[in-house]
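[1] fold the following, please.
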Amino acid sequence: MFKLTDFNYHGKTVFLRVDLNSPVKNGRIISDARFQAVLPTIVYLLEQGAKLVIGTHQSKPHKGDYITTEEHAEILSKLLGQEIEYVEDIFGKYAREKIKALKPGEAVLLENLRFAAEEVEYKSLEKCERTYFVRKLAPLIDYVVNDAFAAVHRSQPSLVGFARLKPMIMGFLMEREVEALTRAYETNDGQRVYVLGGAKVDDSLRVAENVLKKGRADLILTGGLVGHVFTLAKGFHLGDANLEFMARKGLLDLVDWAEEILDYFYPFIKTPVDFAVDYKGERLEVDLLSDQKALFDEYPILDIGSRTIEKYRDVLAKAEIIVANGPMGVFEREEFALGTVGVFRAIGESTAFSVVGGGHSIASIYQYRIKGISHVSTGGGAMLSFFAGEKLPVLEAFRISYERFKEKTKR
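    Residues are numbered from 1 along each chain as shown. This is a model prediction of the structure:
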């Protein structure tokens with residue numbers, strides 16, 4: 001696959017696809033984490049004299065955080081110390097005129113790409129290539145740089161549509177992400193531990209099934225709703241309150257699948273031995289085998305318990321590779337952050353090469369200032385898809401583009 005340093009960009013028009021999809025509160029962006037992550041790529045291209053056309057999406061239609069990219073342009077401008085002009089258009093005449101008027105070292109940011117209907121649906125590379133978005137912009141573009149790792153599992157025009165038309169190049173963030181995840185997945189030496197938590201249960205089951213079948217993991221530690229499903233699959237009762245909640249989320253339908261995974265890999269999947277509930281406004285830890293488990297009928301489980309934390313810490317201390325996605329509980333409430341913080345701190349304190357991803361995981365790492373994790377991934381769903389062994393459309397597009405244009409590098 002092409003790397004950013006393979007080409008000379010001076011005076012060339014570059015379409016840079018990034019993922020600046022950010023949390024929004026009261027109509028304003030409240031985190032610049034994804035902006036910071038792609039800055040090295042933007043700075044490099046501008047310093048090389050590229051005419052830079054930046055594209056990103058923000059949320060999905062009909063959601064509260066589905067906003068224009070005007071504020072995204074403002075944030076980028078402040079971080080870079082130069083104007084990144086917001087263009088209130090995507091591929092229409094106004095946008096195309098702005099692109100043609102660019103000078104070396106200048107940049108524009110197009111409108112939220114998902115304001116275009118073509119960008120919302122998933123299509124094959126061939127169909128993406130035939131969209132108006134690609135057909136209108138391709139004649140103006142010399143190179144395409146993709147640094148949107150968090151969207152690597154999606155097949156949409158801006159992500160894959162240019163692959164056979166222009167050289168498609170990995171940005172610095174994309175390159176770093178792919179290298180870190182590949183190292184974690186392909187290393188065969190030492191104890192390899194996966195920590196699967198959070199609420200993306202079906203994705204986590206796919207990861208568990210794949211890494212155990214392929215011999216890529218030695219142990220899987222579970223928490224959050226993933227832990228709930230595996231605990232039920234082992235035959236434990238989690239009480240009426242928790243079963244009702246899981247039924248509303250459609251999670252009880254996944255228990256049979258979890259049972260099938262356990263039938264093959266039972267000793268290698270660890271589930272919590274105790275949980276914490278909110279009992280009359282305070283954290284109360286309940287052993288899964290104690291008489292107190294009757295409390296689960298009335299009180300929802302909000303975290304793993306201290307005995308589970310210690311058992312997981314012992315496992316993580318001996319690991320050589322750790323992959324983690326998703327929190328152990330409702331970390332947003334301080335008294336129920338013990339599991340998430342305890343496990344993530346243990347990962348940071350270990351000598352293992354560690355990869356942690358997922359929006360909630362990242363939020364907890366920053367909120368509690370956890371240090372020592374080797375690689376914090378910017379993509380939760382993308383990371384899960386990678387470790388589930390799925391074909392990722394953007395990585396496939398990189399390979400296709402490389403084969404077509406490999407004779408055109410500056411070397």
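
[2] can you pull out the helices in the stretch 1-150 of the chain?
    Assigned by DSSP state H, counting those that start in this stretch, the stretch 1-150 of the chain shows helices spanning 33-47, 70-80, 93-100, 125-129, 132-137.

[3] the second one: which residues count as buried?
    This means helix 70-80. 71-73, 75-77, 79 (16 or more other CB atoms under 10 Å). Backbone N, C-alpha and C define where each C-beta goes, glycine included.

[4] can you check the longest one too?
    When burial is assessed from 16+ other CB under 10 Å, helix 33-47 yields the following buried residues: 34-35, 37-39, 41-42, 44-46.

[5] just the last one next, same as before
    Neighbour-count burial for helix 132-137, counted by 16+ other CB under 10 Å, picks out 133-134, 137.

[6] dump the buried residues of helix 70-80 to TSV, plus distance to residue 95 and pLDDT.
    What follows is the buried residues of helix 70-80, written out as TSV (distance: CB to CB, whole Å; pLDDT from 0 to 100):
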residue	distance to residue 95	pLDDT
71	18	97
72	15	98
73	13	98
75	20	97
76	17	98
77	18	98
79	23	97
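
[7] tell me the one of the residues you listed nearest residue 188?
    residue 79 (40.1 Å; CB to CB).

[8] pretty sure that closest one contacts residue 39?
    Yes - applying CB atoms under 8 Å, one finds residue 79 in contact with residue 39, separated by 6.0 Å.

[9] list the contacts of residue 312.
    195, 221, 270, 304, 342-343, 346 (CB atoms under 8 Å, 6 or more residues apart in numbering).

[10] tell me how many other residues crowd residue 62.
    6 (other CB atoms under 10 Å).

[11] now swap in residue 139 and tell me
    8.

[12] any idea how far residue 9 is from it?
    Using CB to CB, to the nearest Å, residue 139 is found at 18 Å from residue 9.

[13] could you list every residue that touches residue 370?
    Contacts of residue 370 by CB under 8 Å, 6+ apart are 341, 344-345, 348, 364.

[14] can you show me the strands along the stretch 1-150 of the chain?
    Secondary structure of the stretch 1-150 of the chain (DSSP state E, counting those that start in this stretch): strands located at 2-3, 13-17, 24-25, 28-29, 51-55, 84-87, 107-110, 143-146.

[15] the third one: partners in the sheet, and parallel or antiparallel?
    So the one you mean is strand 24-25. strand 28-29 (antiparallel) (DSSP bridges).

[16] mean confidence score for the partner strand?
    What strand 28-29 shows for mean pLDDT is 92.

[17] check residue 407 and give its pLDDT.
    86.

[18] ditto for residue 40
    98.

[19] now the angle between helix 33-47 and the least confident helix or strand in the chain by mean pLDDT, please.
    Here the helix or strand of the chain ranked lowest by mean pLDDT, DSSP states H and E is helix 359-367, holding a mean of 82. Going by axes from the mean of the first three to the mean of the last three CA atoms, to 10 degrees, helix 359-367 is angled at 90 degrees with respect to helix 33-47.

[20] could I get the contacts of residue 370 as CSV with distance to residue 372?
    Output for the contacts of residue 370, formatted as CSV (distance: CB to CB, whole Å):
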residue, distance to residue 372
341, 13
344, 10
345, 8
348, 3
364, 14
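
[21] in helices, which of those residues fall?
    341, 344-345, 348, 364 (DSSP state H).

[22] go through those residues and give me the one with the most neighbours.
    For these, neighbours tallied by other CB under 10 Å; top is residue 344, 26 neighbours.

[23] what sits against that one?
    324, 356, 361, 364-365, 368, 370, 373.

[24] how close does it get to residue 365?
    6 Å.

[25] check residue 333 too.
    Distance from residue 333 to residue 365, by CB to CB: 17 Å.

[26] higher neighbour count, the two?
    residue 365 (23 against 12).

[27] list the contacts for the more buried one?
    The contact partners of residue 365, by CB under 8 Å, 6+ apart, come to 344, 356, 373, 376.

[28] likewise for residue 119?
    57, 113, 133, 156-158.

[29] setting aside sequence neighbours, what's the nearest residue to it?
    residue 113 (4.7 Å; CB to CB, 6 or more residues apart in numbering).

[30] you'd agree the one you found is up against residue 57?
    Yes - applying CB under 8 Å as the test, residue 113 and residue 57 come out as touching, 4.7 Å apart.

[31] overlap in contacts of those two?
    With CB under 8 Å, 6+ apart, residue 113 and residue 57 have common neighbours 119, 158.

[32] neighbour count: the two, which is higher?
    In this view residue 113 and residue 57 are compared by other CB under 10 Å, and residue 57 has more residues nearby, 25 against 22.

[33] can you name the next helix or strand after the helix or strand where residue 220 lies?
    Secondary structure assignment for residue 220, by DSSP states H and E: strand 219-222. Scanning forward in sequence from strand 219-222 by DSSP H and E, the next helix or strand is helix 224-233.

[34] contact partners of that following helix?
    196-201, 204-205, 222, 238, 242, 246, 249, 251-252, 254-256, 258-259, 261-262, 269, 271-272, 288, 301, 304, 326-329.

[35] with stretch 194-201 instead?
    For stretch 194-201, using CB under 8 Å, 6+ apart, the contacting residues are 204, 207-208, 211, 217, 219-227, 229, 249, 251, 254, 312, 316, 322-328, 340, 343, 347, 358, 360-361, 380-381, 384, 387.

[36] circling back: can you put the contacts of residue 119 in a markdown table and add distance to residue 147 and pLDDT?
    Converted to a markdown table, these look like this (distance: CB to CB, whole Å; pLDDT from 0 to 100):
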| residue | distance to residue 147 | pLDDT |
| --- | --- | --- |
| 57 | 13 | 97 |
| 113 | 14 | 98 |
| 133 | 18 | 98 |
| 156 | 15 | 98 |
| 157 | 17 | 98 |
| 158 | 12 | 98 |
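
[37] in those residues, find the pair that's most separated.
    57 and 133, at 12.1 Å, using CB to CB across the contacts of residue 119.
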